[in-house]
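> Sequence and predicted structure are below.
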2 protein chains.
Amino acid sequence: MSLDRLIKKIAEKQNPTVAGLDPKLDYVPSYIKEECFSKYGKNLEGAAQALLQFNKGLIDNLYDIVPAVKPQAAYYEMYGWQGVKALAETIKYAKLKGMFVITDGKRNDIGTTMEAYATAHLGETDIEGKMTEAFGADALTVNGYLGSDGIKPLLNICKTKDKGIFVLAKTSNPSSGELQNLTLSESGETIYEHIGKMCEDWGKELTGKYGYSGVGAVVGATYPKQLKELREKLSTTFFLVPGYGAQGGGADDVKYAFDKNGLGAVINSSRGIMCAYKKQNANEQEYAQAARKEAIRMRDEILSSVGEIKLQK
Amino acid sequence: MSLDRLIKKIAEKQNPTVAGLDPKLDYVPSYIKEECFSKYGKNLEGAAQALLQFNKGLIDNLYDIVPAVKPQAAYYEMYGWQGVKALAETIKYAKLKGMFVITDGKRNDIGTTMEAYATAHLGETDIEGKMTEAFGADALTVNGYLGSDGIKPLLNICKTKDKGIFVLAKTSNPSSGELQNLTLSESGETIYEHIGKMCEDWGKELTGKYGYSGVGAVVGATYPKQLKELREKLSTTFFLVPGYGAQGGGADDVKYAFDKNGLGAVINSSRGIMCAYKKQNANEQEYAQAARKEAIRMRDEILSSVGEIKLQK
């Protein structure tokens, strides 16, 4: 019901990071693409198979050191239902290897529809009494613009199936302040702060052993001031922190996301890990080893700011 | 680049409504389910095929009188990638029949990722030089919480491929006010109003022949006061209005969404049309005819409040 399963894996591996799997075809080594195109055709099916092979190679080389992966739904949808099939198979494979899977879908809708999203991504679909997992991730990112109606169906599934969500609070992109930084007359708070407080509220009945609930928040590494402010104000909300690496956030920025035990956040890197072989000028056959090397570098860099991760409240 | 293709179809058919295709398995007549389960198994594949058959029957009986359909992504994702395949095939079938297709995905993300969503749902995916439509809808609903970065990639596709978007402003659900009705210190405006103004701004270079741009807004029928307020303030923003029928909005509520020419909005009904056969106590074999009957009733009811739809500025 909380994010304890993720937190335990983070402490076990002493690694508070998550590998983003946002596999644009451009990132995939050509030998994989050629193999898949010749087998399935130069079409959505071939492209989707290439993404899946690419992901499996990454997962094989990361699962023993990185606690979680975060596939970004957009990059799978871009390759049609075939891409979405690759998403489902990526999730399955990562779970098989013991990783915690956060589907980055930023889903949002009215209550009845959100129930369908919750079922799709975290729950089980009822096919006339036969319960079947559609995607089966461990956590889902969501957007809170519609208020509590759009969050409540998720809380039920967090409770009954030990899953989690991350609600967008302060996103990592340059224009995030256009709306999120505006101040509310009613409370004098910014919008991102208001959403942060709603997360604390939504998480109330979902608090786990280490003090954090099943309702996390997304707060970007590119805004360290806000990261620090929210960490101080939101004591039970675990953070998913994008924006490290390619988007410009560094270890000094993300350290504010953590509490005194080194808990409280998981830092995402997507392009930094997926495209490490390009940056390291490695042979493309070595893309997964290059990703592992970068994941280790990132872990060590962040740990050196954060210190040992201790499993206590 | 604007929503003119939709507007023209609305005027042609004298029908400012859209049929929501949110096919829960419970809504599908049992003879369709039985046929699909026996052919494909009682699994995600069988369920997805049942949704597709159900949708095709609806489309066959609506396309000559209803200008548009709005499939809701959540209800397809609930049936796994197989369901998402049924979504892709539903979109294709509706377009083949000449309908305008609005994919209701409420997608949102940072710029680079939003480019992937824009490509997925409205554009063409580049598979090493081979351009392929992944889902190919005419318009997509989106959430503006991330600001301009998350909208701009969509504007490019609206411009180059004559597509449209609808940004969530004031949603139809009971808790929409929790965030959307709060007032901003900076301007004294509500959040939904602020988003509405951003729509006007984003749409500036996308204005069409009838005065409306390619950037529409979602405004719920359940909030007629806000609907009226926004119609008065946003002169170039076309509205997608959910919440009619099952959610409680009536013809007297939605009339405020229209301008003096009967343009300016398209009203959605999902359950009302899909489940019309249940309400009419019709034989389930007649579900599509019942849907047609309800679609005509809805059209006539709304037209009687709105008057003749005239194609002028």
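Happy to help now that I have it. Numbers count the residues shown, from 1 in each chain, chains lettered A, B, ... in the order given.

> what about the strands in the stretch 51-200 of chain A?
Listed in chain order, the strands of the stretch 51-200 of chain A (DSSP state E, counting those that start in this stretch) span A:68-71, A:100-107, A:125-127, A:130-132, A:139-142, A:164-170.

> looking at those strands, which is closest to residue B:114?
strand A:100-107 (10.0 Å; C-beta to C-beta). Yep, even glycine has a C-beta here, placed from its N, CA and C like the rest.

> okay, the strands of the stretch 51-200 of chain A in TSV with mean pLDDT and mean neighbour count next?
TSV is the format used below for the strands of the stretch 51-200 of chain A (pLDDT from 0 to 100; neighbours: other C-beta atoms under 10 Å in any protein chain shown):
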stretch	mean pLDDT	mean neighbour count
strand A:68-71	98	28
strand A:100-107	98	27
strand A:125-127	97	19
strand A:130-132	97	13
strand A:139-142	98	26
strand A:164-170	98	28
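
> what would these look like in TSV with distance to residue A:264?
TSV is the format used below for these (distance: least, C-beta to C-beta, whole Å):
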stretch	distance to residue A:264
strand A:68-71	15
strand A:100-107	16
strand A:125-127	33
strand A:130-132	34
strand A:139-142	15
strand A:164-170	13
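
> could you dump those to TSV with distance to chain B?
Listed next are the strands of the stretch 51-200 of chain A as TSV, based on distance: least, C-beta to the nearest C-beta, whole Å:
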stretch	distance to chain B
strand A:68-71	12
strand A:100-107	5
strand A:125-127	5
strand A:130-132	6
strand A:139-142	9
strand A:164-170	6
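
> Pull the contacting residues for residue A:98.
Neighbouring residues of residue A:98 by C-beta atoms under 8 Å, 6 or more residues apart in numbering or on different chains: A:9, A:63.

> That should have said residue A:67, apologies.
Residue A:67 is in contact with A:6, A:9, A:10, A:12, A:13, A:15, A:16, A:17, A:18, A:99, A:100, A:266, counting by C-beta under 8 Å, 6+ apart.

> right, so of the strands of the stretch 51-200 of chain A, which gets closest to residue B:47?
Shortest distance between residue B:47 and these, using C-beta to C-beta, is found for strand A:125-127: 5.1 Å.

> Give me the contacts around the closest one.
Here strand A:125-127 makes contact (C-beta under 8 Å, 6+ apart) with A:119, A:131-134, B:25, B:42-44, B:46-47, B:78-80.

> Quickly name whichever of the contacts of residue A:67 is closest to chain B.
The closest of those to chain B turns out to be residue A:18 (C-beta to the nearest C-beta; 15.7 Å).

> got a list of what the closest one touches?
A:66, A:67, A:68, A:69, A:70, A:102, A:240, A:266, A:267, A:268, A:269.

> got TSV for the contacts of residue A:67, with distance to residue B:150 and secondary structure too?
What follows is the contacts of residue A:67, written out as TSV (distance: C-beta to C-beta, whole Å; DSSP: H, G, I helix; E, B strand; the rest coil):
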residue	distance to residue B:150	secondary structure
A:6	26	helix
A:9	31	helix
A:10	29	helix
A:12	35	helix
A:13	33	helix
A:15	30	coil
A:16	27	coil
A:17	25	strand
A:18	21	strand
A:99	28	coil
A:100	26	strand
A:266	23	strand
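
> Would you mind listing which of these are buried?
Buried by 16 or more other C-beta atoms under 10 Å in any protein chain shown: A:6, A:9, A:10, A:13, A:15, A:16, A:17, A:18, A:99, A:100, A:266, out of the contacts of residue A:67.

> Can you lay out these as TSV showing distance to residue A:236?
Below are the buried ones among the contacts of residue A:67 laid out as TSV (distance: C-beta to C-beta, whole Å):
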residue	distance to residue A:236
A:6	15
A:9	19
A:10	17
A:13	23
A:15	22
A:16	17
A:17	22
A:18	20
A:99	25
A:100	19
A:266	16
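
> Tell me which two of the residues you listed sit farthest apart.
Distance extremes for the buried ones among the contacts of residue A:67: the farthest pair is A:16 and A:99 at 14.3 Å, using C-beta to C-beta.

> before we move on, back to that, can you go through the contacts of strand A:125-127 and name the buried ones?
Judged by 16+ other C-beta under 10 Å, buried ones among these: A:119, A:133, A:134, B:25, B:42, B:43, B:44, B:46, B:47, B:78, B:79, B:80.

> Take the residues you listed and write them to JSON lines, including pLDDT.
Shown next, in JSON lines, are those (pLDDT from 0 to 100):
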{"residue": "A:119", "pLDDT": "98"}
{"residue": "A:133", "pLDDT": "98"}
{"residue": "A:134", "pLDDT": "98"}
{"residue": "B:25", "pLDDT": "94"}
{"residue": "B:42", "pLDDT": "97"}
{"residue": "B:43", "pLDDT": "98"}
{"residue": "B:44", "pLDDT": "98"}
{"residue": "B:46", "pLDDT": "98"}
{"residue": "B:47", "pLDDT": "98"}
{"residue": "B:78", "pLDDT": "98"}
{"residue": "B:79", "pLDDT": "98"}
{"residue": "B:80", "pLDDT": "98"}
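
> Let me know the closest of those to residue A:201.
Among those, and counting by C-beta to C-beta, the member closest to residue A:201 is residue A:119, at 23.5 Å.

> you'd agree the closest one is up against residue A:134?
Yes. Assessed by C-beta atoms under 8 Å, residue A:119 is found in contact with residue A:134 at 7.1 Å.

> what touches both of the two?
The contact sets of residue A:119 and residue A:134 overlap at A:125, B:78 (C-beta under 8 Å, 6+ apart).

> rewinding a little: with distance to residue A:35 added, can I get the buried ones among the contacts of strand A:125-127 in JSON lines?
As requested, the buried ones among the contacts of strand A:125-127 are exported to JSON lines (distance: C-beta to C-beta, whole Å):
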{"residue": "A:119", "distance to residue A:35": "35"}
{"residue": "A:133", "distance to residue A:35": "29"}
{"residue": "A:134", "distance to residue A:35": "29"}
{"residue": "B:25", "distance to residue A:35": "38"}
{"residue": "B:42", "distance to residue A:35": "35"}
{"residue": "B:43", "distance to residue A:35": "30"}
{"residue": "B:44", "distance to residue A:35": "28"}
{"residue": "B:46", "distance to residue A:35": "32"}
{"residue": "B:47", "distance to residue A:35": "33"}
{"residue": "B:78", "distance to residue A:35": "33"}
{"residue": "B:79", "distance to residue A:35": "30"}
{"residue": "B:80", "distance to residue A:35": "26"}
